[in-house]
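Asker: predicted model and sequence follow; I will ask about them next.
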Amino acid sequence: TSEPLLQVTALAELAAEWLAAGGKNVSPLVGAALCRTLGELGSLMPLPLSGGAAAREATVGQLLALVPQGTAATSSSGSSLAAAMHGAALRALGQVCVGEPHAAYESAVIDACFTLGRVKAVGLQLGAAHTMACVLLGSDTSALDAGAWTVVREKSEAETAFVVDLLKRILVDGVGSGHSFLRQAATLWLVQCCESASRLADNAGARTVLASHIVDVQAAFEYALTDRDLFTQEAASTGLSLTYQLSTETSTQERLLAGLVKTLSTGAGNATTKMAVQAGEPLFQAEALGLTPDGGSLATYQEICSLATDVGQPELIYKFMGLARSNALWTSRTGAASGFAALAESETARAALVDLVPALAPKLFRYRFDPDKRVQASMARIWKALVGVVAEARSESSVQTERMIVAEQFDEVLSSALEGIGQRAWR
């Protein structure tokens, strides 16, 4: 009927008027509710504003102005009421792109997410992840959880090209960035996109496009496993389990498992990934390499170059970068362990993991005694998961299965341990 439509239009106009006034004069909770109103309406249709396209573009611009940037974003990432309003504004930006696909303001929304990604604000990054998923997939899949009706874009050549271009930007400019915060943000975006795509129908346009590029997405998650930040590693390991679920071909699933085995065994990730760092980004934990002669820090690439120049030994740069690479390899092993543990919870992957016992057991047995406590914990986690999968397959207890694995792989375990003893690396 016309009466409900008039009520919806009135709500949209009320929220737009509040934004036009600068988003003031109401409490943050009311502001968040108004942003959610615009978002929910915008996910179903172009915002019903009397001013038409110009009014919608202005309203989106005002929503963008509500999203904090720089130091303001960092302070807003806490649990304040203002953070709730900022998060609601972010989600609304993604939702309005669903109801009016490829509008003039869509690129501004994407650019705002990339700008926000350079700030350490995990709470806001989670909101930005929902926004990017809405833009990439063309659907607000969070509405599916509530059983609500939602828009799903039809498959077309133009839509496919848009998804591919945006996905490439996330992979190259985001996950492949030398900026650690942006890498973390882009990893979260990819995880949300994969998680949201898994809720769509198998033949949904955006899901099929994402599935066709799942190998590239998997490579990005493998690269993110090498990140020094534990939260980024955990997000990447979650993403790897999602890529396995989105994979429709057995060969792709086998490639995923083979890649994880390679990462866990050698620390080597995807061959196309490179170690990208910024001058001021830490490569080591504070004081891991000691201090400079004047008592300064020695953790970032810039500081390492400065020390090498001061002492007249430029070859030190290569030696320290070799250490940093070794540190990244062990970090990637830790992340791969989390990925395996996540896959062990997937019914479709459990059978395949049983066949990997001969390749994994010798390495895992030794890694469980690594000097680094965090590596120990990660390897113990995957060992437990692997034992559990084999025990379930053989209908045995975990204790019996663990003894059986060690007995069957005893020669390989001993050879791996003896090989480690003879290596120059202290680990």
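Answerer: Received it, and whenever you're ready, just let me know what you need.

Asker: ok, and for stretch 371-384, which residues are buried?
Answerer: For stretch 371-384, the neighbour count (16 or more other CB atoms under 10 Å) marks Val375, Ser378, Met379, Ala380, Arg381, Ile382, Trp383 as buried. No exception for glycine: its C-beta is placed from N, CA and C like everyone else's.

Asker: can you check stretch 355-367 too?
Answerer: Applying 16+ other CB under 10 Å to stretch 355-367 flags Leu356, Val357, Ala359, Leu360, Ala361, Pro362, Lys363, Leu364, Phe365, Arg366, Tyr367 as buried.

Asker: count of neighbours near the residue nearest to Val209 when sequence neighbours are not counted?
Answerer: Nearest non-adjacent residue to Val209, counting by CB to CB, 6 or more residues apart in numbering: Val163, 4.5 Å away. By the criterion of other CB atoms under 10 Å, Val163 has 25 neighbours.

Asker: got the contact list for Val163?
Answerer: Leu136, Leu137, Gly205, Ala206, Val209, Leu210 (CB atoms under 8 Å, 6 or more residues apart in numbering).

Asker: okay, the host helix or strand of it in CSV with CA atoms only?
Answerer: According to DSSP states H and E, Val163 maps onto helix 157-169. Only the C-alpha atoms of helix 157-169 are listed here, as CSV (Å, rounded to 0.1, in the frame of the first residue of the first chain):
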residue,chain,number,x,y,z
GLU,A,157,29.6,-9.2,-17.9
ALA,A,158,29.8,-5.7,-16.3
GLU,A,159,29.2,-7.1,-12.9
THR,A,160,31.9,-9.8,-13.3
ALA,A,161,34.4,-7.2,-14.5
PHE,A,162,33.6,-5.0,-11.4
VAL,A,163,34.0,-7.9,-9.0
VAL,A,164,37.3,-8.9,-10.6
ASP,A,165,38.7,-5.4,-10.6
LEU,A,166,37.8,-4.7,-6.9
LEU,A,167,39.1,-8.2,-5.9
LYS,A,168,42.4,-7.5,-7.6
ARG,A,169,42.7,-4.1,-5.8
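
Asker: toward the C-terminus, what is the element adjacent to it?
Answerer: By DSSP H and E, the next helix or strand past helix 157-169 is helix 180-197.

Asker: show me what counts as buried in stretch 405-425.
Answerer: Residues Ile405, Gln409, Val413, Ser416 are the ones in stretch 405-425 that count as buried (16+ other CB under 10 Å).

Asker: need the contact partners of that stretch.
Answerer: Outside stretch 405-425, the residues that touch it by CB under 8 Å, 6+ apart are Ser326, Val357, Pro358, Ala361, Pro362, Lys363, Phe365, Arg366, Leu386, Val387, Val390, Arg427.

Asker: quick one: average confidence on it?
Answerer: For stretch 405-425, mean pLDDT is 84.

Asker: closest one of the buried residues of stretch 371-384 to Ala235?
Answerer: Checking these against Ala235 with CB to CB, the nearest one is Ser378 at 14.9 Å.

Asker: report the secondary structure state of that closest one.
Answerer: Counting by DSSP: H, G, I helix; E, B strand; the rest coil, the backbone at Ser378 sits in helix.

Asker: how close does it get to Val357?
Answerer: Between Ser378 and Val357 the distance is 18 Å, computed by CB to CB, to the nearest Å.

Asker: helix, strand or coil for Gln423?
Answerer: Relying on three-state DSSP, one would call Gln423 coil.

Asker: what helix or strand is Asp23 located in?
Answerer: Careful, residue 23 is Gly; it's not Asp. Counting by DSSP H and E, no helix or strand carries Gly23.

Asker: I'd guessed it sits against Leu64; true?
Answerer: No: taking CB atoms under 8 Å as the definition, Gly23 is not a contact partner of Leu64, at 11.2 Å.
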